[in-house]
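Asker: need coordinates for the following:
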Amino acid sequence: MSANGNGFKRADFDAIAESIRPGSRVLDLGCGDGVLLKYLKGARGVTGYGVEIDDASVLGCVRNGVDVIQSDLERGLSEFESRSFDYVILSQTLQAMMNSERIINDMLRVGREGIVTFPNFGYWKNRLQVLGGHMPVSDNLPYQWHDTPNVHLCTISDFEGFCASHNVRILERKVLTDGRTVSVLPNLLGSLAVYRFQRA
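Answerer: A predicted model of the protein is given here:
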């Protein structure tokens with residue numbers, strides 16, 4: 001596993017890389033310190049940009065050799081031309097967006113395909129914590145209720161229902177738990193979802 005500066009690589013990195021054609025042009029939204037884009041450059045030979053609002057994370061991108069644009073995703077992607085990227089990625093950021101519908105529409109305008117990853121709120125351990133009267137805390141949902149950036153948690157079934165009702169065609173789905181692929185009862189047994197999609 002390739003790692004970031006802290007020696008840790010998120011489980012979705014390989015799943016994303018496997019979904020991307022070598023040499024593609026990629027836009028990574030909410031890119032943090034740029035470790036995903038750096039990884040994709042090494043693993044798939046991609047080119048492209050990250051978009052990030054946080055000052056410290058933008059500096060991290062520079063240190064990681066990643067081209068970054070400082071911008072607020074909540075304001076949309078109007079600065080990017082339509083179909084200017086092969087893939088637009090939103091990795092573990094969808095649930096933190098105030099307007100999830102708009103960002104997905106923007107992704108599919110700017111890119112030929114979109115890739116999102118998100119923690120599955122329907123995962124059985126999350127359900128168990130809710131049943132016990134508490135908001136879930138886990139590796140994929142590491143925040144307490146009072147300091148979480150997550151505003152729109154969803155399940156695998158929720159996301160697929162959204163796609164069906166918003167003219168979005170799912171091209172590929174990967175569901176993971178502890179880095180391993182889940183193929184049986186994914187909405188119950190999968191902790192992290194990875195989707196590749198395009199406009200239907």
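Asker: got the residue ranges for the strands in the protein?
Answerer: Here the chain has its strands, by DSSP state E, at 25-29, 47-52, 68-70, 85-91, 111-119, 168-177, 180-181, 192-199.
Asker: would you format these as a markdown table with mean neighbour count, mean pLDDT and distance to Gly76 included?
Answerer: The way it works is simple: take the backbone N, C-alpha and C, and place the C-beta from them, glycine included. Converted to a markdown table, the strands of the chain look like this (neighbours: other Cβ atoms under 10 Å; pLDDT from 0 to 100; distance: least, Cβ to Cβ, whole Å):
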| stretch | mean neighbour count | mean pLDDT | distance to Gly76 |
| --- | --- | --- | --- |
| strand 25-29 | 23 | 98 | 11 |
| strand 47-52 | 22 | 97 | 11 |
| strand 68-70 | 17 | 97 | 13 |
| strand 85-91 | 25 | 97 | 13 |
| strand 111-119 | 24 | 97 | 14 |
| strand 168-177 | 17 | 97 | 18 |
| strand 180-181 | 10 | 94 | 34 |
| strand 192-199 | 21 | 97 | 17 |
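Asker: any idea what the residue nearest to Ile69 when sequence neighbours are not counted is bridged to?
Answerer: Ranked by Cβ to Cβ, 6 or more residues apart in numbering and with sequence neighbours excluded, the top spatial neighbour of Ile69 is Val51, at 5.2 Å. Beta-bridge partners for Val51, by DSSP bridges, are Leu29, Ile69.
Asker: and the gap between Val51 and Asp33?
Answerer: 13 Å (Cβ to Cβ, to the nearest Å).
Asker: got it, and Ile170?
Answerer: Here Ile170 is placed at a distance of 29 Å from Asp33 (Cβ to Cβ).
Asker: same deal with Ile69?
Answerer: Counting by Cβ to Cβ - Ile69 and Asp33 are separated by 14 Å.
Asker: extract the residue ranges of this protein that are flagged as low pLDDT.
Answerer: 1-9 (pLDDT under 70).
Asker: just the helices in it please.
Answerer: For the chain, the helices defined by DSSP state H occupy 12-18, 35-44, 55-63, 100-110, 124-131, 156-165, 186-189.
Asker: would JSON lines of the ones you listed with distance to Trp145 and mean neighbour count be doable?
Answerer: Below are these laid out as JSON lines (distance: least, Cβ to Cβ, whole Å; neighbours: other Cβ atoms under 10 Å):
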{"stretch": "helix 12-18", "distance to Trp145": "24", "mean neighbour count": "20"}
{"stretch": "helix 35-44", "distance to Trp145": "27", "mean neighbour count": "21"}
{"stretch": "helix 55-63", "distance to Trp145": "24", "mean neighbour count": "16"}
{"stretch": "helix 100-110", "distance to Trp145": "20", "mean neighbour count": "20"}
{"stretch": "helix 124-131", "distance to Trp145": "11", "mean neighbour count": "14"}
{"stretch": "helix 156-165", "distance to Trp145": "19", "mean neighbour count": "15"}
{"stretch": "helix 186-189", "distance to Trp145": "23", "mean neighbour count": "18"}
